[in-house]
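J.: predicted coordinates and the sequence they were generated for:
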Amino acid sequence: MTEEPTTEAIIKVIIPAYNEGDSIAFVVNELPDCVSEIIVVNNNSSDKTATNALSAGATVLNENRKGYGYACLKGMEYLSQQSKPPDIVVFIDGDYSDYPEELDKVVAPIIKDQKDFVIGARVKRLREDGSMTPQQIFGNWLATSLMRLFFGATFTDLGPFRAIRYNKLLTLNMEDKTYGWTVEMQLKAIKKKLAYVEVPVHYKKRIGVSKVSGTVKGSIFAGIKILGWIFKYSIK
């Protein structure tokens with residue numbers, strides 16, 4: 001499932017986390033040793049997310065404005081203040097649905113093949129039954145089909161497990177504060193002509209209930225935000 005680390009590159013991981021106290025330590029502990037720093041952004045959690053992440057050895061930041069994008073932007077702000085920036089930034093969710101040990105597989109195309117951006121694609125053959133809801137599967141299909149239609153993109157997934165060269169990430173000028181973060185990154189990567197690729201990753205049922213796909217409201221708002229970004233870029 002994993003590949004041996006092949007680089008001296010500085011790799012840092014950003015994990016946005018809202019009420020992931022039961023899962024966050026598993027994610028932190030199972031990331032490979034090639035990671036220089038694990039940054040958990042506690043997004044106004046009411047449980048022990050921050051405490052458990054800290055105990056597992058992560059750097060913990062607090063972002064009280066609730067929203068996936070807010071948390072990711074907080075992590076990026078922290079990186080911008082460091083004297084030595086990372087070479088690669090990896091984003092992964094804190095719910096333990098991804099396999100953190102597959103990080104080596106996700107960063108390999110950047111290290112070995114000079115790619116700029118990699119998506120960990122949750123392909124059907126590697127997904128645990130029930131790990132993605134029907135609305136997630138349909139939403140991924142619709143969004144990536146529209147990106148292919150409008151922009152000639154080859155994405156098949158909006159997976160949250162992703163790696164990008166830090167200097168390329170900065171050129172994207174990320175701005176979405178909530179549900180549209182992942183699709184915004186992919187659309188801007190297309191527009192900036194970044195060299196991107198997908199790698200298949202395993203995916204399992206998350207610990208706890210999703211705050212997005214686990215609720216009707218979350219699914220609707222996420223869908224509206226994702227489609228909004230796609231149509232916004234299609235008319236530019």
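T.: Here it is on my side, so go on. Source: prediction; values computed, not measured.
J.: measure stretch 190-200 end to end?
T.: The stretch stretch 190-200 measures 20 Å between its terminal residues, going by C-alpha to C-alpha, to the nearest Å.
J.: same check, this time on stretch 202-209
T.: End-to-end distance of stretch 202-209: 19 Å, with C-alpha to C-alpha as the criterion.
J.: centre of the chain to that stretch, how far?
T.: Mean-position distance between stretch 202-209 and its chain equals 14 Å (C-alpha atoms, centre = their mean, to the nearest Å).
J.: let's verify Ser131: helix, strand, or coil?
T.: When the structure is reduced to helix, strand and coil (DSSP: H, G, I helix; E, B strand; the rest coil), Ser131 reads as coil.
J.: I'd say it and Lys205 touch.
T.: Yes: Ser131 is within contact range of Lys205, at 4.8 Å (criterion: C-beta atoms under 8 Å). Any C-beta I mention is one placed from the backbone N, CA and C, and that applies to glycine too.
J.: what's the burial count for Gly208?
T.: By the criterion of other C-beta atoms under 10 Å, Gly208 has 17 neighbours.
J.: show me the contacts for it.
T.: Contacts here follow C-beta atoms under 8 Å, 6 or more residues apart in numbering; on that basis Gly208 touches Asn19, Glu20, Asp22, Ser23, Asp95.
J.: any common contacting residues for Ser131 and Lys205?
T.: Looking at what touches both Ser131 and Lys205 (by C-beta under 8 Å, 6+ apart), the common residues are Ser97.
J.: output the below-cut-off pLDDT ranges for this structure.
T.: Along the chain, the parts satisfying pLDDT under 70 run over 1-7, 210-223, 234-236.
J.: quick one, helices of it?
T.: 24-30, 49-55, 68-80, 103-113, 134-151, 166-171, 181-191, 216-234 (DSSP state H).
J.: excluding chain neighbours, what is closest to the residue nearest in space to the middle of the chain?
T.: The chain has Pro160 as the residue nearest its centroid, 3.0 Å off, counting by C-alpha atoms, centre = their mean. The shortest distance from Pro160 to any non-neighbouring residue, by C-beta to C-beta, 6 or more residues apart in numbering, is to Asp93 (4.7 Å).
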